[in-house]
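>>> Next input, structure requested:
(chains A and B)
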Amino acid sequence: MEGCGEDGQVKLLGVAYSPFVVRVRIALALKGIHYELIEENIQNKSELLLQSNPVHKKIPVLIHNGKSVCESMIIVQYIEEKWEKKAPNVVPKDPYDQSIARFWVAFIDDKFIPSILGVFKGEGEEKQKAVEESVANLVLLEEALSGKGYFGGDEIGLVDVALGGLLATVQTIERVTDSVIIDTQKLPLLSTWVHKFCKAEGVKEVLPDPAKLFEFLSEIRAKFTSPPTGN
Amino acid sequence: MEGCGEDGQVKLLGVAYSQFVVRVRIALALKGIHYEFIEEDIQNKSELLLQSNPVHKKIPVLIHNGKPVCESMIIVQYIEEAWDRKAPFLMPRDPYDRAIARFWAAFIEDKVIPSIVGAFKGQGEEQQKAVEESVANLLLLEEVLRSTGKAYFGGDGIGLVDIALGGLLVPIQTVEKVTNIVLIDAQKTPLLSAWADQFCKADKVKEALPDRAEFFVRLSARRAKLTSPPLAN
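Have a look, this model is predicted:
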């Protein structure tokens, strides 16, 4: 049965296009954990979702043997700790390295994501400012990456999952808003990392369909931006 | 030498009145870790602070054997893991319980703090809305205590969530006094009220808390600036 066996019963409530769900799917795929993906309708949330995440009512929610875990990076750390004996290990063993990984995860969530949302929702000068902020945030991540194949070192780590889960969304936002965020000239190391990450085993299978994501985000963007003025 | 010995060299850059610094001081005190407290001037940040936290340039920063750790709850988790043989244990062992602790710590950061700040800074209807939000958030935390039946969020002893919320207690109680509103209502949230009393009196915790009188003066001044009427012309 899908989602059952030696790993227990694993269900993931989510939507295929959410970057937060993608993060969790990457973590599950890396560990080779079988799970049932339950596609939610955000406009009409299921009883299961409302019961499993009564505080935020948001996806993703991982339900493992009936117990629910919420918030994407908390789920990723749970997967790491619950299946600690299964390689690969995305969280470093050393406490200091762990704190550095958590620092950059927090930076991605607290600084990078808001700046990307600013690009997606903004127009004109506001959008330009958000693009500059997003690039500046990525420059800091580029520095954190320097010399390594992945943020986690030789293998995918926590920060790779945190940022990597957002890639399809970021790239689609670039196309939908006609901006350049992952600038290959300003961010050569990060650009290389993007290519490498998107082709990695476990990752490529769970990335959302770019065409569908483009359609989805274009529709939402149209709602934010001013309609063309007739005369 | 203060801040050296079996624990290595431990320095904490901060200001005594910051709730984020208080969280770290509580964790260090509980583990019995000796450290050097370096008081920063926020208006004139030291070279050491700017070098140790170049991304955010904010306190607290813990510097352990020369290596800086930033962000209060990341520091608290670091302290737990770097001194994982020293009791008390601030995090549960079980992965699921750890996920629950992290969930509530994030809830405190992402929901509780903004609503309390809103209650402090707001006026009229805006403030009322923020107060309702704060009380609703605190009710959820009350529910956690009710469902576990334990004295602390961490169980029988202080844990991650206790530190996350406990570090905010003096600010929350001072906001209540300064704005004359009730946030931790003894009737609506009796368990949380009792927890607050117990936490502030706990050994090792009380020494780490900021001076309430000084904090009151500080917040009163800030609130006065926010609510001062516009100058007539």
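>>> Under the pLDDT cut-off, which ranges of chain A? List them.
Applying pLDDT under 70 to chain A flags the ranges A:1-4, A:226-231.
>>> Can you pull the residues of it lying near chain B?
Within chain A, the positions near chain B by CB under 8 Å from any CB of the partner chain are A:55, A:64, A:67, A:69-71, A:74-75, A:77-78, A:81-82, A:95-96, A:98-99, A:102-103, A:106-107, A:140. C-betas here are computed from N, CA, C, even on glycine.
>>> Any quick ChimeraX command for the buried ones out of those residues?
Listed next is the ChimeraX selection for buried residues among the residues of chain A next to chain B, using 16 or more other CB atoms under 10 Å in any protein chain shown:
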select /A:64,69,70,71,74,75,77,78,81,82,95,96,98,99,102,103,106,107
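>>> can you tell me which of the residues of chain A next to chain B are in strands?
Applying DSSP state E to the residues of chain A next to chain B, the entries found in strands are A:64, A:67, A:69-70.
>>> What about B:Val69? Give its phi and psi, please.
Main-chain dihedrals, B:Val69, degrees, to the nearest 10: phi -120, psi 130.
>>> Tell me which residues touch it, please.
B:Val69 sits next to A:96, A:99, A:103, B:61-63, B:75, B:78 when contact means CB atoms under 8 Å, 6 or more residues apart in numbering or on different chains.
>>> cool, and A:Arg23?
A:60, A:72-73, A:75-76, A:161-162, A:164-166 are the contacts of A:Arg23 under CB under 8 Å, 6+ apart.
>>> Setting the sequence-adjacent residues aside, check what's closest to the one residue sitting closest to the centre of chain B.
The centre of chain B sits closest to B:Gly167, judged by CA atoms, centre = their mean, with a distance of 2.5 Å. In space, and not counting its chain neighbours, B:Gly167 is closest to B:Arg23: 3.4 Å by CB to CB, 6 or more residues apart in numbering or on different chains.
>>> now do B:Val10
Spatially, and ignoring its direct neighbours in sequence, B:Val10 is nearest to B:Tyr35 (3.9 Å; CB to CB, 6+ apart).
>>> I'd guessed that neighbour sits against B:Leu28; true?
Yes: using CB atoms under 8 Å as the test, B:Tyr35 is close enough to B:Leu28 to be in contact (5.6 Å).
>>> Residues that sit against both of the two, list them.
Shared contacts of B:Tyr35 and B:Leu28, defined by CB under 8 Å, 6+ apart, comprise B:10, B:12.
>>> shaky segments in chain B?
In the prediction, chain B carries residues with pLDDT under 70 at positions B:1-4, B:231-233.
>>> Kindly report the residues of it close to chain A.
Counting by CB under 8 Å from any CB, chain B sits next to chain A at B:55, B:64, B:67, B:69-71, B:74-75, B:77-78, B:81-82, B:84, B:95-96, B:98-99, B:102-103, B:106-107, B:140.
>>> Quick one: the helices in chain B, in order.
Using DSSP state H, the helices assigned to chain B run over residues B:19-31, B:47-52, B:72-82, B:95-107, B:113-121, B:124-148, B:160-166, B:169-179, B:190-201, B:212-227.
>>> out of those, deepest packed?
Scoring the helices of chain B by mean neighbour count under mean count of other CB atoms under 10 Å in any protein chain shown gives helix B:160-166 as the most buried, with a mean of 26.
>>> how many other residues sit next to the residue nearest to B:Val10?
Neighbourhood size, B:Tyr35 [other CB atoms under 10 Å in any protein chain shown]: 21.
>>> which phi and psi does it have?
Note on B:Tyr35: backbone dihedrals following degrees, to the nearest 10 are phi -150, psi 160.
>>> Can you give me the domain assignment for chain A?
Per the record, chain A has its domains at A:10-82, A:95-222, by automatic domain parsing.
>>> Same list (those) but as CSV, adding distance to B:Gln123.
As requested, these are exported to CSV (distance: least, CB to CB, whole Å):
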stretch, distance to B:Gln123
domain A:10-82, 28
domain A:95-222, 26
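>>> hey, which of these is tucked in deepest?
Mean neighbours per residue, mean count of other CB under 10 Å, is largest over the domains of chain A for domain A:10-82, with a mean of 19.
>>> Alright, I will stop here.
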